[in-house]
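Asker: This is the structure alone, sequence omitted:
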Ligand SMILES: Nc1ncnc2c1ncn2[C@@H]1O[C@H](COP(=O)(O)OP(=O)(O)OP(=O)(O)O)[C@@H](O)[C@H]1O
């Protein structure tokens, strides 16, 4: 097993300890431990069916772990009630794999939606400014009055990212952000993720099995193998590993 490298900072925004989650006899997460440091892009890699989605669902409180703790900003997610979870969700952006845009709403209405839900006191001029700024961040100001169906797959991903960014989240969780995109568009999305992290100094946890995403975006990589954090390190350090399970995943 590859040992963790020396840590960059002591500020962890997510700390997951001894997380266990099974479905019947299927042990998906087994004593799983990771931390997300402030200002880093952490990629969690794993094969199909390894438990990446289960992990992200536990983090956002959609699935209840069997045991273990998931601390975000010092609050243990499984202990929170609906209102407390909502407060945390306003500070933790989540980019869904399928984007989850509302097809019957324009781009503007999609972006206004989280503001109306979480920042009820914000006035219309401020809403307009935030919508423009979020669209500018993803390079799609001209799509403001378009419907999602009029956009390409890459553009829909960018709009979904703009909708995540509009609440200025301190943490962003990405669920397979490049799935379903052609390699060129996927690379653009990865570059955007890196640019966003630099601009807002946010912390990102990215679930992915896309090697380009790992190579280009990850400050640190965690390998989810057999339900555990099997290895952790930079892409370069893991690439040099002789461990067959690591080689199998990274190649
Ligand atoms: N609600 C559920 N009920 C029963 N089993 C589930 C449930 N959700 C996930 N699983 C099981 O947990 C395991 C991990 O699934 P998960 O979706 O987390 O994999 P993944 O790593 O995200 O895969 P992929 O890359 O294909 O999306 C699988 O064996 C799956 O069948």
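Answerer: Structure received. Note that the structure is predicted; figures quoted are calculated from it, not measured.

Asker: can you count the residues close to residue 11?
Answerer: For residue 11, the neighbour count with other CB atoms under 10 Å is 13. Glycine gets a C-beta too; all of them are placed from N, C-alpha and C.

Asker: likewise residue 76?
Answerer: 13.

Asker: Find the residue closest to it in space, skipping its chain neighbours.
Answerer: Excluding the flanking residues, the one nearest residue 76 by CB to CB, 6 or more residues apart in numbering is residue 69, at 5.0 Å.

Asker: mind listing what that neighbour touches?
Answerer: Residues near residue 69 by CB atoms under 8 Å, 6 or more residues apart in numbering: 15-19, 76, 78.

Asker: pLDDT value on the one residue in the stretch 151-251 of the chain that gets nearest to the ligand, please?
Answerer: With CB to the nearest ligand atom, the shortest gap between the stretch 151-251 of the chain and the ligand falls at residue 209, namely 5.9 Å. Looking at residue 209, its pLDDT reads 88.

Asker: Not counting its neighbours along the chain, what's nearest it?
Answerer: Closest to residue 209 by CB to CB, 6+ apart is residue 45, at 5.9 Å.

Asker: May I ask you to confirm that the one you found is in contact with residue 208?
Answerer: Yes - judged on CB atoms under 8 Å, residue 45 makes contact with residue 208 at a distance of 6.5 Å.

Asker: Show the backbone phi and psi for the residue nearest to residue 209.
Answerer: Per-residue torsions, residue 45: phi -100, psi 150 (degrees, to the nearest 10).

Asker: To what extent is it buried, counted in neighbours?
Answerer: So residue 45, with other CB under 10 Å, has 27 neighbours.

Asker: What distance do you get for it to the ligand?
Answerer: 10 Å (CB to the nearest ligand atom, to the nearest Å).

Asker: I appreciate the help and will end here.
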